[in-house]
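Trainee: okay, here's the prediction I keep looking at, along with the sequence it came from:
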Amino acid sequence: MLKKLLSTLLIFTILSGWLFSSIPNLRQYRPLATLLADNIAFAATGFVSGLRNNNVSSFSSIAATSDGGFVVAADKNIIKYNSAGSVVWTTNISAAADSDSKVAVLTNGNIIVRIRASGSRSCFVKLSATGSITTAEIPLPGEYYGEYINGFAATSDGGFVGSGKHGEQGFIIKYNSSESVVWTLLGGGTDGNTHFDAITETSDGGYAVVGWSDKASTTPAWPNSGNGRLIIAAKCTSAGVWSWGRSAGTAADLIFNYGMAVAATSGGGFVAVGHAGSSSYAPSWGHNGDQDAVIIAYSSSGTVSWAKNAGGSGYDIYEGVSVASDGSIIAVGRSDKSSVGTPAWDIQSNSNYAGIVVRYSSSGSVQWSMATSTYYHTMFGSVAILSSGEAVVAGSSADAFNYSDDDGYHDIWPRNGSTANGVFAKIGESQSPVGTPGNITYSNLQWESTLSAPTAPTGATRSFWQYKTSSTGTWNDTTSTATTYTPSAAQIGYYFRVSYTVDSGYTGGDTNGRVYTAQVGPITVKSLSSPGSAPSGSTIPGYKLTAPEITGATYTLQWYRGSSTPITNATGSDYTLTSSDIGYQIRVQYTGTGNYSGTVYSSYTYTVSQIPVGESSSYTPVLPSTTTTVGDFS
């Protein structure tokens, strides 16, 4: 029954910006990328527009493409959609392929498809990014020929990896970018059944598999003290060497626990989802009845970070999982009964199945949850994140879907008899426009002067100060998120502005989801500051005076006799008084150079006295008259 249900999986694509003319009164909605950042009730948002595709019987797999679109396996066809939801190309992959194909996008944009060919054996087909078949069949090697691949994923080295069952054991097979087998790896006991049903590359370059087994294993090691089927999780290195293995669930007769999907988390860890027929002690989760959906987070070393169950008295399954850029986890599946406790969802009493979506934080707390309001067979089987950060949910429905909220009635897709068809839908909620940022304030635009950011506008949060090197340059983020910014001398000529990230629940901003202040600039050279004192030294002919320093500045000097007579050739930091200076006060003129501008003066010295060098040291110098102004004459 499970395989039949899985074989009918269709695609629900949740793409902000998709508009369908058959859905009246569409509002503006924020993308799921921002919706996922909220701790809000999912039912308050819901699906807001959609379309049933009566010409598609099964979309069994989906993968994001680097251009913001995605590619799907649809029966025996591979279909490429752009970010607006329009078909770019369609390729028939094989007359012998089944309706349970899986698709992955390689690092170079090419596409690998896993198909079930003649005799139920698995092989791979390779397509270019434009849909041309470049390799019609990449078979499994040697003793694995004829086996079936369940798990499948692209890898960061340009290759791909698959997992499945070989005899009584699970197996992994790694291909490089040239379609050659790099290594194979067996795991599990030889006297039972072990299935590796899902696989992913972890952030540390290893590989994680999940599935189920009804026997204990030594390589990799996991326990099983009974005859029940336990969820198993295992990790190997990039070279195909087992690192560790774990089992989860209660090992008892007729107790069935299955791991069905896996996604990488940070630090080399991963999260596994599936369903369990009982509570568990280690790792610990409860049980609400029949089959409960379960989710387990593992660290890179195999430690269980947390584990949760979800569901009610019926049949609840998580069949897909993905991790968003903020570390939150989106689990999807199906349920035929309302849930008990958290996460919460309501299922209509006569419903066969409803699709469920639950978002967990990276630490396992439930952020939101929902179930579709359908009567007949609506199931979500997988979830992926597009390059835009938006989510794509894959599933099937044989019913109409509609609901009402504060914004009115939403007819998402119609019913097509009892036939399950592909549907497209998006999720969002009403938005308010973001406010307009104020202006940057400053005393001047010289380097080392402080620029102050305005208060963030309504619906936005300050992100980064930005700069560009000329009036026509490109804006770049600085590393500063502070309320103030002080340009350096190296940034003379630069322009600055402040960027604000638009909050969830608000509309507006550019393609990066930001709004900006008006620019200020260019940053100019710094005005020279006064030294604030007079030259030091005795004001007696023959003695040397030293000009006070303006710390950190660059400038030229000119010594002055009185207020207006420059002293010939007196441009150094020191000046030796002569008899020509007698009766005058001396000061220094500073003229900024380099990153400094302007002209300033030192204070005046005392009046130079007439006593020659060598006379009595008890001589009292002549002080300036009370009518003489001593100071900065600039």
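Mentor: Right, received. Where do you want to start?
Trainee: out of everything not next to it in sequence, what's closest to Q367?
Mentor: Nearest non-adjacent residue to Q367, counting by Cβ to Cβ, 6 or more residues apart in numbering: R359, 4.2 Å away. Every C-beta, even on glycine, is put in place using the N, C-alpha and C of the backbone.
Trainee: in contact with S322, which residues?
Mentor: The neighbours of S322, taking Cβ atoms under 8 Å, 6 or more residues apart in numbering as the test, are A263, I329, I330, V383, A384, I385, A391.
Trainee: any idea what the residue nearest to Q367 is bridged to?
Mentor: With DSSP bridges as the criterion, R359 is bridged to I330, W368.
Trainee: so how far is V321 from it?
Mentor: Per Cβ to Cβ, to the nearest Å, R359 is found 11 Å from V321.
Trainee: give me the common contacts of the two.
Mentor: Both R359 and V321 are contacted by I329, I330, A331, under the criterion Cβ under 8 Å, 6+ apart.
Trainee: which among those gets closest to I567?
Mentor: Using Cβ to Cβ, I329 comes nearest to I567 of these, at 78.2 Å.
Trainee: what does the pLDDT read for the closest residue to that closest one other than its chain neighbours?
Mentor: Among residues not flanking I329 along the chain, Y360 sits closest, at 4.5 Å (Cβ to Cβ, 6+ apart). Y360 is assigned 88 on the pLDDT scale.
Trainee: number of nearby residues for Y360?
Mentor: 25 (other Cβ atoms under 10 Å).
Trainee: does the residue nearest to Q367 touch V383 like I think?
Mentor: No: applying Cβ atoms under 8 Å as the test, R359 and V383 come out as separate, 10.2 Å apart.
Trainee: what's the distance between T455 and G435?
Mentor: Distance of T455 to G435, computed by Cβ to Cβ: 10 Å.
Trainee: ok, those two, which is more surrounded?
Mentor: Ranked by neighbour count (other Cβ under 10 Å), T455 and G435 place G435 first, with 17 against 10.
Trainee: what is in contact with R359 and V383 at once?
Mentor: Contacts common to R359 and V383, judged by Cβ under 8 Å, 6+ apart, are I330, A331.
Trainee: okay, now the residue nearest to Y144 when sequence neighbours are not counted: neighbour count?
Mentor: Nearest non-adjacent residue to Y144, counting by Cβ to Cβ, 6+ apart: H166, 6.0 Å away. H166 has 21 neighbours, counted by other Cβ under 10 Å.
Trainee: residues contacting H166?
Mentor: E143, Y144, E147, L186.
Trainee: correct me, but Y144 touches Y175?
Mentor: No: Y144 lies out of contact with Y175 (Cβ under 8 Å); the separation is 11.9 Å.
Trainee: and R561, how far from K544?
Mentor: 16 Å.
Trainee: just want to know which of the two has more residues nearby.
Mentor: Neighbours around R561 and K544, counted as other Cβ under 10 Å, are more numerous at R561. The numbers are 21 against 12.
Trainee: and the residue lying closest to that one once chain neighbours are set aside, how many neighbours?
Mentor: Spatial nearest neighbour of R561, excluding adjacent residues (Cβ to Cβ, 6+ apart): Y584 at 4.7 Å. Counted with other Cβ under 10 Å, residues neighbouring Y584 total 19.
Trainee: same thing with the one 10 residues further on?
Mentor: Other residues within reach of G594 by the criterion other Cβ under 10 Å amount to 12.
Trainee: same question for L230.
Mentor: Counted with other Cβ under 10 Å, residues neighbouring L230 total 29.
Trainee: mind giving me the packing neighbours of the helix or strand that contains it?
Mentor: L230 is part of strand 230-236, with elements assigned from DSSP states H and E. Of the remaining helices and strands, those touching strand 230-236 by 3 or more Cβ pairs under 8 Å, 6 or more residues apart in numbering; DSSP states H and E are strand 207-213, strand 221-222, strand 242-248, strand 257-264, strand 270-276, strand 292-298.
Trainee: give the pairing partners of the second one; include direction for each.
Mentor: Paired with strand 221-222 in the same sheet, following DSSP bridges, are strand 217-218 (antiparallel).
Trainee: go on, the first one?
Mentor: The pairing partners recorded for strand 207-213 under DSSP bridges are strand 194-201 (antiparallel), strand 230-236 (antiparallel).
Trainee: adding mean pLDDT and distance to N82, write those out as CSV.
Mentor: What follows is the strands paired with strand 207-213, written out as CSV (pLDDT from 0 to 100; distance: least, Cβ to Cβ, whole Å):
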stretch, mean pLDDT, distance to N82
strand 194-201, 94, 26
strand 230-236, 94, 36
